[in-house]
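Sequence and predicted structure are below.
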Amino acid sequence: MIAIYVISIFFIVSPFFPATGNPHWFFRTADFVRLQSIAVELILLALLTFFGWKFSTFEWVLAGGLLFSIFYQLFKVYKYSSFHPRKKPDFPSDGCVSILAANVLQDNKEFDRFLSEVKRYDPDLVLTMESNEDWEKGLQQLENEYSHTVKIPLENYYGMHLYSKKELYDVSTEYQIEDDVPSIFFDYKLDNGKKVFFACLHPAPPSPTENETSKERDAELMLTGKIIREQDKPTVVCGDMNDVVWSRTTRLFKKMTGMIDPRVGRGFFPTYHAGYRFMRFPLDHLFHTKDLFVKVMERSKNFGSDHFGMYYEIHLKKKVQTTPKPKLNGDDKDEVEELIDRVD
């Protein structure tokens with residue numbers, strides 16, 4: 001029972017680590033594993049209840065702590081589950097653009113399996129992350145149909161490639177925080193002539209093998225948010241964000257931009273790790289402004305990467321104007337600037 005007691009104490013306390021604001025990966029990991037943590041806590045509660053329960057004050061406190069932690073985490077993740085009621089899912093459409101966005105895994109050589117997914121979805125845009133020169137060669141046949149491209153082949157697991165059937169406008173490659181971690185910004189013109197601004201991101205995660213803290217990732221999201229606040233057109237942000245949607249940083253990003261997460265009420269869509277069912281987290285995201293809506297949202301089949309890809313069919317709402325970005329209070333403004341400044 002001692003082992004159960006010790007593990008229970010850890011799982012009671014650890015879900016609150018992210019609330020400390022400490023950017024170190026050890027404190028941020030609890031945000032990633034909330035779904036797994038809830039499952040473990042339920043098992044611990046069952047073990048505590050049915051094996052050796054002595055009705056002691058200590059055991060009652062442990063059981064209460066586990067229940068409190070479970071409900072705390074359910075509060076964090078519930079709205080992103082399929083049990084949460086969805087807002088109106090469809091609107092009259094005034095134009096559409098579809099995108100298949102995928103972290104292909106630089107070391108993965110199963111190019112044909114990914115090409116099969118592109119063929120199956122037939123999107124207007126294909127965004128690859130972790131794509132190097134080998135992937136550029138492996139996907140070369142895409143250019144027969146996707147003749148407009150942005151190619152950033154890197155060997156550091158942060159290369160990006162963008163393929164489009166139609167011309168792209170005002171394309172820029174930005175290295176917002178780290179000199180070897182790019183982002184792609186561009187405008188895509190719908191058939192009705194209206195443009196949609198896209199920001200494609202793949203910030204580095206906090207982990208023992210990459211950045212020790214989340215400072216760089218958090219700062220890139222905040223800088224992108226400031227760019228979006230200056231846009232007066234329909235806007236989409238997508239990519240492998242290396243963060244979960246219920247984290248404080250991502251919630252602040254949505255608050256400062258007024259963007260919508262189409263995952264709400266549809267399900268978690270965990271995209272990483274594709275090879276381990278129990279250890280999967282929703283790390284690949286798309287956010288959009290309120291003048292857009294996502295009609296179709298699907299997770300791809302496994303194509304050999306450690307991530308699944310995500311396919312989105314994005315529509316412009318008919319007769320809906322782009323709304324001004326929400327005002328931020330003083331505390332939120334200070335937090336945004338703090339997250340940006342602490343990478344210096």
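Thanks, I have it.

What ranges does this structure have for its strands?
Listed in chain order, the strands found in the chain under DSSP state E are 93-103, 125-129, 148-152, 160-164, 168-174, 183-189, 195-201, 235-240, 284-288, 292-299, 310-317.

from those strands, which stretch is densest packed?
Greatest average neighbour count among the strands of the chain goes to strand 125-129 (a mean of 27), per mean count of other C-beta atoms under 10 Å. Every C-beta, even on glycine, is put in place using the N, C-alpha and C of the backbone.

quick one: contacts of that one?
Contacts of strand 125-129 from elsewhere in the structure, counted by C-beta atoms under 8 Å, 6 or more residues apart in numbering, are 97-104, 114, 118, 135, 139, 142, 146, 158-165, 184, 188, 198, 200, 202, 238-240.

Run me through the strand neighbours of it, direction for each.
strand 93-103 (parallel), strand 160-164 (antiparallel) (DSSP bridges).

pLDDT on that strand, on average?
For strand 125-129, mean pLDDT rounds to 98.

Listing request: residues of the stretch 1-150 of the chain with sub-threshold pLDDT.
Under the criterion of pLDDT under 70, the regions of the stretch 1-150 of the chain flagged as low confidence span 52-53, 55, 88-89.

can you pull the contacts of the residue in the chain sticking out farthest from the centre?
Going by C-alpha atoms, centre = their mean, the residue of the chain most distant from its centre is Lys54, 44.1 Å out. If a contact means C-beta under 8 Å, 6+ apart, then Lys54 has no contacts.

Among the strands of the chain, which comes closest to Pro270?
Counting by C-beta to C-beta, Pro270 lies closest to strand 292-299 out of these; the figure is 8.3 Å.

can you give me the angle the closest one makes with strand 235-240?
Note on geometry: by axes from the mean of the first three to the mean of the last three C-alpha atoms, to 10 degrees, strand 292-299 and strand 235-240 are set 20 degrees apart in direction.

Paired strands for strand 292-299, with orientation please.
strand 310-317 (antiparallel).

Contacts for the partner strand next, please.
Outside of strand 310-317, the residues that reach it under the criterion C-beta under 8 Å, 6+ apart are 91-102, 121, 123, 190, 192, 194, 196, 234, 236, 238, 262, 269, 271, 284, 286, 288, 291-300.

quick check: angle from it to strand 183-189?
Orientation of strand 310-317 against strand 183-189 (the same axes, to 10 degrees) gives an angle of 40 degrees.

Keeping just the C-alphas, turn strand 310-317 into CSV.
This file holds the C-alpha atoms of strand 310-317, laid out as CSV (Å, rounded to 0.1, in the frame of the first residue of the first chain):
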residue,chain,number,x,y,z
MET,A,310,-4.7,16.8,-39.8
TYR,A,311,-7.0,17.7,-42.7
TYR,A,312,-9.2,20.8,-42.5
GLU,A,313,-11.8,22.1,-44.9
ILE,A,314,-12.1,25.8,-44.0
HIS,A,315,-15.0,28.0,-45.2
LEU,A,316,-15.5,31.7,-45.3
LYS,A,317,-18.9,32.6,-43.7
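
now it, how far from the centre of its chain.
What separates the centre of strand 310-317 from the centre of its chain is 16 Å, taken as C-alpha atoms, centre = their mean, to the nearest Å.

quick check: angle from it to strand 195-201?
With the same axes, to 10 degrees applied, the angle from strand 310-317 to strand 195-201 works out at 150 degrees.

for strand 310-317, what is the average pLDDT?
Averaged over strand 310-317, pLDDT sits at 97.

Kindly report the same for stretch 252-263.
On average, the pLDDT along stretch 252-263 is 92.

Could you list the buried residues of it?
Within stretch 252-263, the residues scored as buried using 16 or more other C-beta atoms under 10 Å are Leu252, Phe253, Lys254, Lys255, Met256, Thr257, Gly258, Met259, Ile260, Asp261, Pro262, Arg263.

before we move on, what about stretch 267-286?
268-274, 280-286.

Repeat that for stretch 335-344.
Glu335, Val336, Leu339, Ile340, Val343.

Same question for stretch 84-93.
Of the residues in stretch 84-93, those scored as buried under the neighbour-count criterion (16+ other C-beta under 10 Å) are Phe91.

same check, this time on stretch 38-46
The neighbour-count check on stretch 38-46 (16+ other C-beta under 10 Å) flags Ile38, Glu41, Leu44, Leu45 as buried.

what's the nearest residue to the first one if we skip its chain neighbours?
The shortest distance from Ile38 to any residue that is not its chain neighbour, by C-beta to C-beta, 6 or more residues apart in numbering, is 5.2 Å, and that residue is Gln73.

For my notes, please list the strands of the chain in a markdown table and give distance to Val13 for each entry.
Listed next are these as a markdown table, based on distance: least, C-beta to C-beta, whole Å:
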| stretch | distance to Val13 |
| --- | --- |
| strand 93-103 | 32 |
| strand 125-129 | 34 |
| strand 148-152 | 42 |
| strand 160-164 | 38 |
| strand 168-174 | 39 |
| strand 183-189 | 36 |
| strand 195-201 | 32 |
| strand 235-240 | 30 |
| strand 284-288 | 28 |
| strand 292-299 | 33 |
| strand 310-317 | 33 |
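
Let me see the contact set for Glu133.
Glu133 is in contact with Pro153, Glu155, counting by C-beta under 8 Å, 6+ apart.

Can you tell me how far it is from Ala101?
Using C-beta to C-beta, to the nearest Å, one gets 20 Å for the distance from Glu133 to Ala101.
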